[in-house]
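Colleague: 3D, please:
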Amino acid sequence: MTSLTNSAISDRPFAEASSSGGEVADYFALLKPRVMALVIFTALVGMTVTPSHVNPVIGAISLLMIAVGAGASGCLNMWWDADVDAVMTRTRTRPIPAGRIQPGEALSFGLTLSVGSVLVLGLAANWLSAGLLAFTIVFYAVIYSMWLKRSTAQNIVIGGAAGALPPMIGQAVVTGSIGIEGTVLFLIIFIWTPPHFWALALVKAGEYARAGIPMMPNTAGPDSTRRQILAYSVVLAPLGLAPVFLGFGGLIYGLVGLLGGLAMVALSVQVLRRREGEAANKAAMSLFGFSILYLFLLFSALLAEQGLGLFRPVFG
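Modeller: As a prediction, the model looks like this:
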């Protein structure tokens, strides 16, 4: 780990004497709004594929609290990783490293939203969903951000559990339990996460090295990372079809899952084959970009089938 990182951690402020005067947009940026949008989307799908139904008002409040909880964990992550964000090109303009928000303000904001979102979700829906949300926040902000991210190349693999939990939380809101639907959606996101992030890490390996983050390309090497990307994609392709065989994914979902899974494998093969220069970076970024589209289309197909009445069974 770099001396920069060690120094920043030892000097990390938990409070600031003065206010930064940050704007509303800066506080909103702390919540990682794009991640929040994905959380809302996957949690909604988790609620929709559940055979039971929930009161629309309770459902809306629950989705809002899940989003706020996700934003709170993102805020706490930005507070802890401000030193790393200051080093990396794509994150150096975030509110804390740019000086628009003081670290202590971000910490207070994140903690307040964390506690509030869990309490409101528990009161509005049930305490199982609230407990899962609390676990997600702690896992991402503490286990991943403060420990795994800076200590192991498996940070994305293990830490991916936090990002995969929203469908299970959504199902728990509706049923007060965890069913096979939410579990399968959790597994799909969990297995999708490593090839998605490692594709970007291949391109940004230099920045991660300067920041002292042990991403897979920096520890195991680019070639090993490429092989692991392909291995995860090969597992993901059939796993993405599991909802069809379990009966909650229909014909539309099956087609999207089949074609999308094959495309993930094909693009991963290109990443494995193209190892030098601009061609390697282009292959990695193509996989990174398509992986986002793949997950979006996969969950959109489920939402359309279950929410809009477009479900047509593949078998029987």
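Colleague: Every contact and neighbour count from this point should use C-alpha atoms.
Modeller: Fine.
Colleague: How far away from the center of its chain is the strand or helix carrying F135?
Modeller: Secondary structure assigned from DSSP states H and E places F135 in helix 127-138. Put simply, helix 127-138 sits 16 Å off its chain's centre (CA atoms, centre = their mean, to the nearest Å).
Colleague: now this protein, which segments are flagged as low pLDDT?
Modeller: For the chain, the stretches flagged by pLDDT under 70 are 1-21, 316.
Colleague: about what we covered before: what residues sit buried inside the next helix or strand after the helix holding F135?
Modeller: Counting by DSSP H and E, the next helix or strand C-terminal to helix 127-138 is helix 149-151. Of the residues in helix 149-151, 149-151 count as buried by neighbour count, 16 or more other CA atoms under 10 Å.
Colleague: Need the contact partners of the helix holding F135.
Modeller: The contact list for helix 127-138, computed with CA atoms under 8 Å, 6 or more residues apart in numbering, reads 66, 69-70, 72-73, 114, 118-119, 121-122, 162-163, 165, 169-170, 172-173, 176-177.
Colleague: Write the PyMOL selection for whichever of those are buried.
Modeller: The PyMOL selection below is limited to those of the contacts of helix 127-138 classed as buried (16+ other CA under 10 Å):
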select buried, resi 66+69+70+72+73+114+118+119+121+122+162+163+165+169+170+172+173
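Colleague: Which ones among the contacts of helix 127-138 lie within helices?
Modeller: Using DSSP state H, 66, 69-70, 72-73, 114, 118-119, 121-122, 162-163, 169-170, 172-173 are the members of the contacts of helix 127-138 that sit in helices.
Colleague: Which single one of these is nearest to K204?
Modeller: G163 (21.1 Å; CA to CA).
Colleague: residue contacts, that closest one?
Modeller: G163 sits next to 39, 136, 189-190 when contact means CA under 8 Å, 6+ apart.
Colleague: helix/strand/coil for R275?
Modeller: For R275, the assignment made with DSSP: H, G, I helix; E, B strand; the rest coil gives coil.
Colleague: What are the phi and psi values at it?
Modeller: The phi/psi pair for R275 (degrees, to the nearest 10) reads phi -110, psi 0.
Colleague: same question, the one 4 residues further on
Modeller: The phi/psi pair for A279 (degrees, to the nearest 10) reads phi -60, psi -40.
Colleague: Let me know the distance separating it from S233.
Modeller: Relative to S233, A279 is positioned 20 Å away (CA to CA, to the nearest Å).
Colleague: What of A82?
Modeller: With CA to CA as the criterion, A82 and S233 are 32 Å apart.
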